[in-house]
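> Need coordinates for the below:
(chains A and B)
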Protein chains: 2
Amino acid sequence: MKASFHARHLAVVGLGLMGGSLALAMRDHADHIAGVDHDQRTRDYALKRGMVDCASDDLYEAVNRADVVILAAPVRVIVEMLRMQIGSYLRSNTLVIDIGSTKQDIVDAMASLPIGVNAVGGHPMTGKENGGIEESDRSLYENRPFVLCPSRRTTPAARLHARSFVETLGALPIEMDAERHDQIVAGISHLPYLLSATLVATVARQAEQDPAYWELAAGGFRDTTRLAASDVTMMGDILSTNTKAVATLLAQFRMQLAMLETLLIAGDDHQLSESLQPLRHARKEWAENYENGR
Amino acid sequence: MKASFHARHLAVVGLGLMGGSLALAMRDHADHIAGVDHDQRTRDYALKRGMVDCASDDLYEAVNRADVVILAAPVRVIVEMLRMQIGSYLRSNTLVIDIGSTKQDIVDAMASLPIGVNAVGGHPMTGKENGGIEESDRSLYENRPFVLCPSRRTTPAARLHARSFVETLGALPIEMDAERHDQIVAGISHLPYLLSATLVATVARQAEQDPAYWELAAGGFRDTTRLAASDVTMMGDILSTNTKAVATLLAQFRMQLAMLETLLIAGDDHQLSESLQPLRHARKEWAENYENGR
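Below is the predicted model of the structure:
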């Protein structure tokens, strides 16, 4: 049975795609929604569409009466807010959930919040190719995993409260510690981004001599390089707060690549096929489950 | 002005997605279309849908009266046909075009055809995620680049004839030598496939210890690994006939990856961003042109 969730004063800090979609999805589950964003046009848009009841660039103003605060900013901005100011702005018993893409640094920073403030790290496994509040979609979180990571400010009650918030979004709560989360996303998200960007770098280098590389590139190149178009500030934030896990996965990747390359160069077609076939099956099986689950 | 193309007897050898789509697109530009496929169900399907006028598993029967023959089989099957038997089956002045994914081995094998047979290497830059004749689509070739590579059996007249065939398909002919073609596709297609498969291998290895890798993987992983689901026989063929170019690109890729990794591990966020930003722009600019051109 899903717990019912209701906020009196919900504050959403950061009104991009993720924050905007969250505000839309929570519209009927909060008496009042305050949005915080440094961009005037974003605030105007959110107000005009009725996504929030008030919008401000003043963090204090938005969160000082809140009983639930969602931090939907880039990872290092979240860390900075948690360490520097937000703790003194919050009322006791406020629930803080962030939705940053890496969790260890954020959960560590949550420990510096005053005792009495409840805080849980979060990471919804959803998104879109293009960001921005105009892309907001109330169903963005539906049926998608939403990781919750405990911090030193996660009481048993806060944990249940955070779960019921996630369920109210229509998402699927998955609890795990921040270190495990960061290792997993290094593999499924940050490594893919680096490979995608590096592939573009490799082809761009060749294309300096021969522009036909760009001319002939088609669907396979488009898919494999899609992540390379991600916002660089966001990705820089993510990579710099997950360096160790990403570097570990890169080392694993190199090992796997060297194995395939050895078979390729040796002309061992049989063994190369034997190595590629289970990867094809694993990818197809995963993709079927993924598409069915959406 | 586009040249008009008409075949009396068109033979399509291999009735998969590519051959089937080609037969559909040429329906009004050939008096008679003969299909060749070793699979009975594929032949029945092609006949039933009127994609071909006759279907056989006998190469001689299908091509001995043809004035135009399209080889739409895996690369090594094409090479084998060119080297072993098809030359003695063909009438003088027949135009042979293949649509294999690598060109050097095929163009080399074309040189063993009898003088009087005209042969041009071809590679249409199009496809679909799933193959098979049921996926055939008469517009598959439309507005897509179609590379043409001369062989020792390409007369000036054959070259023009091949161009007008490509234009009749609705595709955009691009002429280049086979070596250049193979280098380009190593970068835009074969390297992306290897990276995609290696990424699956890396994550699958981690997921043996922690199945949550599969559970949390989402859209970015789906896109980056799509090529890993490609047919392994086809990809093995492609890789084994383009080993040198692929190995060269792999070496370039490793260099580029090492540069980004060095900045990452050194924590040089500024320089990392400076390196990633132009890659983002290059990818976005390419993708806009690509989508507009389709």
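
> When you work out contacts or count neighbours from here on, use the C-alpha atoms and nothing else.
Will do.

> residues touching the closest residue to residue A:26 other than its chain neighbours, list them.
Among residues not flanking residue A:26 along the chain, residue A:169 sits closest, at 6.8 Å (CA to CA, 6 or more residues apart in numbering or on different chains). Applying CA atoms under 8 Å, 6 or more residues apart in numbering or on different chains, we find residue A:169 in contact with A:22, A:25-26, A:141-142.

> if you set the cut-off to 7 Å instead, what comes out?
A:25-26, A:141-142 (CA atoms under 7 Å, 6 or more residues apart in numbering or on different chains).

> contacting residues for residue A:232?
B:273, B:276-277.

> give me the low-pLDDT residue ranges for the stretch 151-294 of chain A?
Scanning the stretch 151-294 of chain A for pLDDT under 70 picks out A:294.

> any idea how far residue A:108 is from chain B?
According to CA to the nearest CA, to the nearest Å, residue A:108 and chain B sit 19 Å apart.

> My error: substitute residue A:184 in the last question.
Counting by CA to the nearest CA, the gap from residue A:184 to chain B is 6 Å.

> do residue A:176 as well
Using CA to the nearest CA, we find residue A:176 at a distance of 10 Å from chain B.

> That residue and residue A:149 touch, don't they?
Yes. Under the criterion of CA atoms under 7 Å, residue A:176 makes contact with residue A:149 at 5.4 Å.

> These two: which has the busier surroundings?
For residue A:176 and residue A:149, the more surrounded residue by other CA atoms under 10 Å in any protein chain shown is residue A:149, and the numbers stand at 25 against 14.

> quick revisit: identify the farthest-apart pair in the contacts of residue A:169.
In the contacts of residue A:169, two members sit farther apart than any others by CA to CA. They are A:26 and A:142, at 12.1 Å.

> When the two are compared, which one has more neighbours?
Taking neighbours as other CA under 10 Å, residue A:26 and residue A:142 compare with residue A:26 leading, 22 against 19.

> ok, and what's touching the helix or strand residue A:192 falls within?
For residue A:192, the host element (DSSP states H and E) is helix A:191-207. For helix A:191-207, contacts defined as CA under 7 Å, 6+ apart pick out A:213-214, A:224-225, A:227-228, A:246, A:249-250, B:187, B:221, B:224, B:252-253, B:256-257, B:279, B:283.

> count of neighbours near residue A:289?
Look at residue A:289: counted by other CA under 10 Å, it has 12 neighbours.

> distance of it from residue B:204?
Going from residue A:289 to residue B:204 by CA to CA, to the nearest Å gives 15 Å.

> Can you flag which of the contacts of helix A:191-207 belong to helices?
Under the assignment DSSP state H, these contribute A:213-214, A:224, A:246, A:249-250, B:221, B:224, B:252-253, B:256-257, B:279, B:283 to helices.

> export the residues you listed to CSV and tack on neighbour count and distance to residue B:80?
Below are the ones in helices among the contacts of helix A:191-207 laid out as CSV (neighbours: other CA atoms under 10 Å in any protein chain shown; distance: CA to CA, whole Å):
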residue, neighbour count, distance to residue B:80
A:213, 23, 29
A:214, 21, 32
A:224, 30, 32
A:246, 26, 45
A:249, 23, 41
A:250, 24, 40
B:221, 26, 37
B:224, 30, 34
B:252, 20, 32
B:253, 23, 32
B:256, 19, 37
B:257, 19, 38
B:279, 24, 41
B:283, 24, 38
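
> Kindly reformat these as JSON lines containing distance to residue B:125.
Below are these laid out as JSON lines (distance: CA to CA, whole Å):
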{"residue": "A:213", "distance to residue B:125": "12"}
{"residue": "A:214", "distance to residue B:125": "12"}
{"residue": "A:224", "distance to residue B:125": "16"}
{"residue": "A:246", "distance to residue B:125": "34"}
{"residue": "A:249", "distance to residue B:125": "33"}
{"residue": "A:250", "distance to residue B:125": "31"}
{"residue": "B:221", "distance to residue B:125": "24"}
{"residue": "B:224", "distance to residue B:125": "19"}
{"residue": "B:252", "distance to residue B:125": "23"}
{"residue": "B:253", "distance to residue B:125": "23"}
{"residue": "B:256", "distance to residue B:125": "26"}
{"residue": "B:257", "distance to residue B:125": "27"}
{"residue": "B:279", "distance to residue B:125": "23"}
{"residue": "B:283", "distance to residue B:125": "18"}
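
> out of the residues you listed, which one sits closest to residue A:86?
Nearest to residue A:86, judged by CA to CA, of those is residue A:246 at 29.6 Å.

> Now do the same contact list for the closest one.
Listed by CA under 7 Å, 6+ apart, the contact partners of residue A:246 are A:186, A:190-191.

> OK, contacts around the residue nearest in space to the middle of chain A?
When CA atoms, centre = their mean is applied to chain A, the residue found nearest the centroid is residue A:101 (3.7 Å). Shown in contact with residue A:101 (CA under 7 Å, 6+ apart): A:75, A:123, A:238.

> In helices, which of the residues you listed appear?
Using DSSP H, the contacts of residue A:101 in helices are A:75, A:238.

> how about the residue nearest to the centre of chain A, secondary structure?
Following DSSP: H, G, I helix; E, B strand; the rest coil, residue A:101 is assigned to coil.

> Show the backbone phi and psi for it.
Per-residue torsions, residue A:101: phi -80, psi -20 (degrees, to the nearest 10).

> do residue A:169 as well
Here is the backbone geometry of residue A:169 (degrees, to the nearest 10): phi -70, psi -10.

> gap between it and residue B:105?
With distances taken as CA to CA, residue A:169 is found 56 Å from residue B:105.

> before we move on, back to that, pLDDT value on the residue nearest to the centre of chain A, please?
Note on residue A:101: pLDDT of 95.

> next one: the one 3 residues further on
In this model, residue A:104 is scored at 98, pLDDT.

> okay, now the closest residue to it other than its chain neighbours: neighbour count?
Nearest residue to residue A:104, sequence neighbours excluded (CA to CA, 6+ apart): residue A:178, at 4.9 Å. Neighbour count of residue A:178, defined by other CA under 10 Å: 23.

> Report the contact partners of residue A:178.
Per CA under 7 Å, 6+ apart, neighbours of residue A:178: A:103-104, A:149.

> Make TSV from those and add distance to residue B:128 to it.
Compiled in TSV, those are given as follows (distance: CA to CA, whole Å):
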residue	distance to residue B:128
A:103	38
A:104	40
A:149	40
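
> and which of those residues is nearest residue B:265?
Closest to residue B:265, out of all of those and judged by CA to CA, is residue A:104, at 17.3 Å.

> Touching, the closest one and residue A:177? I think so.
No. Applying CA under 7 Å, one finds residue A:104 not in contact with residue A:177, separated by 8.5 Å.
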